[in-house]
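> coords please:
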Amino acid sequence: MFSENPGQRTVFSNKRNKCSLTPVPAVPVFMLCLFSLLALIGFAGNAGQAAFGQSIAITEIDAYTGRENAVHMPDQLPMSRAAHGDRDISVAWLAGATNRYSHGVLGDDLEASKLVVQLRDGSVLDFELAASRVFEDLQPRLADLDADGNDEIIVVESDVNRGASLAVFGVVGGELSRLAGTPFLGQPHRWLNPVGVGDFDGDGRLDIALVATPHIGGILRLYRYQKPTLEKFAEAYGVSTHSIGSTELELGAVVPGWPRDRLLLPNQTHSELLLIEWTQSELRESARVKLPARLSSSVIPAGDNTWLLQLRDNRFMELKLE
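Residues are numbered from 1 along each chain as shown. Prediction:
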């Protein structure tokens, strides 16, 4: 149970804006930063047009303890978290710590070389990457992407020469196999951070949301799972879900809804939170809230349309969609 300080709740102004979707070519870092600035300006337009009457309320609360750390599995990567499932996979974790990829975006020089799963029957399977690859991640994510009753595993796989890719693994024929993946970002030390899964286009099937290069451009990308590929159907600049060197990966969240799920994401500076939706032709901002200080923690679910978070000035806040 999380307690809340008494006091008046402040509802901040809401805005509905759109961000045009265009293909994103490989560009230098300074251009990514410029595009990010332009996207922030674009997101800030059309003030006062709230979609569906949606508003975001934020209230200061008492400190909370956060989520409990799960028991570590054999050879589990330090600082990582195992994922527990209720379908064919009982638990999945990252293992085989290695320092063969010198990026350190997650706080140290260790990455995983293996993905391991324990099935419902107790058997254990693993997938070991080639010497030029690592799992540049701290948590595998379980989701039944194709609605066949079995879980797929979503994880960040990085190549020492080509940077990060979002990869989907699954159990096929008694073996743990790579089923699909996005293209690698194209050069070393380029990373992406999965946000989560949801039905973002309203077709009744799960999609995947990620933020590519969250530190230098922040590109939100939405994908449909089309084995053996992931089909990108939307993207926009101007968001970020991670701070360099942090182990906090969940600065954004999927917001369940009808007819489509939405996304709650920080802007590039982590000073605002944006509610973003797909509208069949473009990504639109439904609402935004300016935070009293910059976001520093993961956004923790705490009930229907409610999340808990911590700011860099060590204040704790409750955020609620109303």
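> who's in contact with residue 165?
Applying CB atoms under 8 Å, 6 or more residues apart in numbering to residue 165 gives the contacts 156, 157, 158, 159, 181, 182, 183, 184, 185, 192. For every residue, glycine as well, the C-beta is placed using N, CA and C.
> just say helix, strand or coil for residue 156.
The three-state assignment at residue 156 reads strand, by DSSP: H, G, I helix; E, B strand; the rest coil.
> circling back to that earlier point, just the buried ones from the contacts of residue 165, in ChimeraX syntax?
A single ChimeraX command is used to select the members of those judged buried by 16 or more other CB atoms under 10 Å:
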select :156,157,158,159,181,182,184,185,192
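> now the strands for the stretch 151-300 of the chain?
Secondary structure of the stretch 151-300 of the chain (DSSP state E, counting those that start in this stretch): strands at 152-159, 163-172, 175-181, 192-198, 207-212, 219-226, 229-237, 253-255, 262-266, 272-278, 283-290, 300-301.
> show me what the fifth one is in contact with.
Surrounding strand 207-212, the residues in contact under the criterion CB under 8 Å, 6+ apart are 145, 154, 164, 166, 182, 185, 190, 192-201, 218-225, 230, 233, 239-242, 252, 254, 263, 265.
> still on that earlier bit, just give me the closest of the contacts of residue 165 to residue 82.
residue 156 (15.8 Å; CB to CB).
> contacts only, for that closest one.
So residue 156 contacts 135, 136, 137, 164, 165, 166, 167, 191, 192, 193, 194 (CB under 8 Å, 6+ apart).
> for the closest residue to it other than its chain neighbours, give its distance to residue 83.
The spatially closest residue to residue 156, leaving aside those adjacent along the chain, is residue 137, at 4.0 Å (CB to CB, 6 or more residues apart in numbering). Residue 137 is 11 Å from residue 83, where distance means CB to CB, to the nearest Å.
> tell me which of those two has more neighbours.
residue 137 (28 against 22; other CB atoms under 10 Å).
> now the more buried one: phi and psi?
The phi/psi pair for residue 137 (degrees, to the nearest 10) reads phi -160, psi 170.
> can you give me the helices for the chain?
29-43 (DSSP state H).
> lowest average confidence, helix or strand, in it?
Least confident helix or strand of the chain, by mean pLDDT, DSSP states H and E, is strand 10-11 with a mean of 30.
> I'd say the residue nearest to residue 156 and residue 94 touch.
Yes. The pair residue 137 / residue 94 is scored as a contact, 6.5 Å apart, by CB atoms under 8 Å.
> residues shared between the contacts of those two?
80, 112, 155.
> and which of the residues you listed is nearest residue 302?
residue 80 (23.6 Å).
> want to throw the shared contacts of residue 137 and residue 94 into JSON lines with neighbour count, distance to residue 276 and pLDDT?
Listed next are these as JSON lines, based on neighbours: other CB atoms under 10 Å; distance: CB to CB, whole Å; pLDDT from 0 to 100:
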{"residue": "80", "neighbour count": "23", "distance to residue 276": "28", "pLDDT": "96"}
{"residue": "112", "neighbour count": "28", "distance to residue 276": "30", "pLDDT": "98"}
{"residue": "155", "neighbour count": "25", "distance to residue 276": "24", "pLDDT": "98"}
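> using TSV, lay out these together with distance to residue 72.
As requested, the shared contacts of residue 137 and residue 94 are arranged in TSV below (distance: CB to CB, whole Å):
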residue	distance to residue 72
80	9
112	13
155	18
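> of the strands of the stretch 151-300 of the chain, which is nearest residue 55?
strand 283-290 (6.2 Å).
> quick one: mean pLDDT over the closest one.
Per-region confidence: strand 283-290 scores 94 on mean pLDDT.
> please work out how many residues are found near residue 287.
26.
> so it sits right up against residue 56, yeah?
Yes. At 5.1 Å, residue 287 counts as touching residue 56 under the criterion of CB under 8 Å.
> excluding its backbone neighbours, what's nearest the spatially most central residue of the chain?
The chain has residue 195 as the residue nearest its centroid, 1.7 Å off, counting by CA atoms, centre = their mean. Using CB to CB, 6+ apart and skipping the chain neighbours, the partner closest in space to residue 195 is residue 209 (4.1 Å).
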